[in-house]
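Chemist: Take this sequence and fold it.
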Amino acid sequence: QVQLVESRGGSVQAGGSLRLACVVSGYTYSSYCMGWFRQAPDKEREGVAVIDSDGIRSYADSVKGRFTIFQDNLKNTLYLQMNSLKPEDTAMYYCAADRFRCPPGPAAYWGRGTQVTVSS
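Modeler: Take a look at the predicted model:
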């Protein structure tokens, strides 16, 4: 059974940093496209960062230069390092894994989400 479990998010002040982790199990981790998404209240879900099976990364314009997606294949864990956080980064963050599409599509495997709150 495929499972994605995000680490606990948190609350920080603007300018602070957080690192999210997503532990995956149930499949060959390195063969999937992995991504982080977020959804703020009353907004649609948006892609934040993606890393494909070749290790190529891409980011939303809103987080470029501040967020870094990386993975530890030995630990089957995907990370999102978030620096210089802004109040507009406040959202529920989800990790996703997709074997056939990159970035992950709606039919991907999804974690349950973790809340990140940035105060001004």
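Chemist: contacts and neighbour counts: CA atoms only from here.
Modeler: OK.
Chemist: Quick one: low-confidence residue ranges for the protein.
Modeler: 28-30 (pLDDT under 70).
Chemist: now do 80
Modeler: Residue ranges of the chain with pLDDT under 80: 27-30.
Chemist: so where do the strands sit in it?
Modeler: Using DSSP state E, the strands of the chain run over 3-6, 10-13, 18-25, 33-39, 46-51, 57-59, 67-72, 77-82, 91-98, 109-110, 114-119.
Chemist: is it possible to export the ones you listed to JSON lines including mean neighbour count?
Modeler: As requested, the strands of the chain are exported to JSON lines (neighbours: other CA atoms under 10 Å):
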{"stretch": "strand 3-6", "mean neighbour count": "21"}
{"stretch": "strand 10-13", "mean neighbour count": "15"}
{"stretch": "strand 18-25", "mean neighbour count": "20"}
{"stretch": "strand 33-39", "mean neighbour count": "25"}
{"stretch": "strand 46-51", "mean neighbour count": "22"}
{"stretch": "strand 57-59", "mean neighbour count": "17"}
{"stretch": "strand 67-72", "mean neighbour count": "19"}
{"stretch": "strand 77-82", "mean neighbour count": "20"}
{"stretch": "strand 91-98", "mean neighbour count": "25"}
{"stretch": "strand 109-110", "mean neighbour count": "20"}
{"stretch": "strand 114-119", "mean neighbour count": "18"}
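Chemist: Pairing-wise in the sheet, spell out the partners of the most centrally placed residue in the chain.
Modeler: Nearest to the geometric centre of the chain sits residue 36, at 2.3 Å (CA atoms, centre = their mean). Beta-bridge partners recorded for residue 36 (DSSP bridges): residue 49, residue 95.
Chemist: check contacts around it.
Modeler: The contact partners of residue 36, by CA atoms under 8 Å, 6 or more residues apart in numbering, come to 47, 48, 49, 50, 80, 93, 94, 95, 96.
Chemist: Would you mind giving those residues as TSV with distance to residue 64 added?
Modeler: Shown next, in TSV, are the contacts of residue 36 (distance: CA to CA, whole Å):
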residue	distance to residue 64
47	12
48	9
49	9
50	12
80	12
93	17
94	18
95	18
96	19
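Chemist: now, among those residues, which is nearest to residue 9?
Modeler: Closest to residue 9 out of these is residue 93 (8.2 Å), distances taken as CA to CA.
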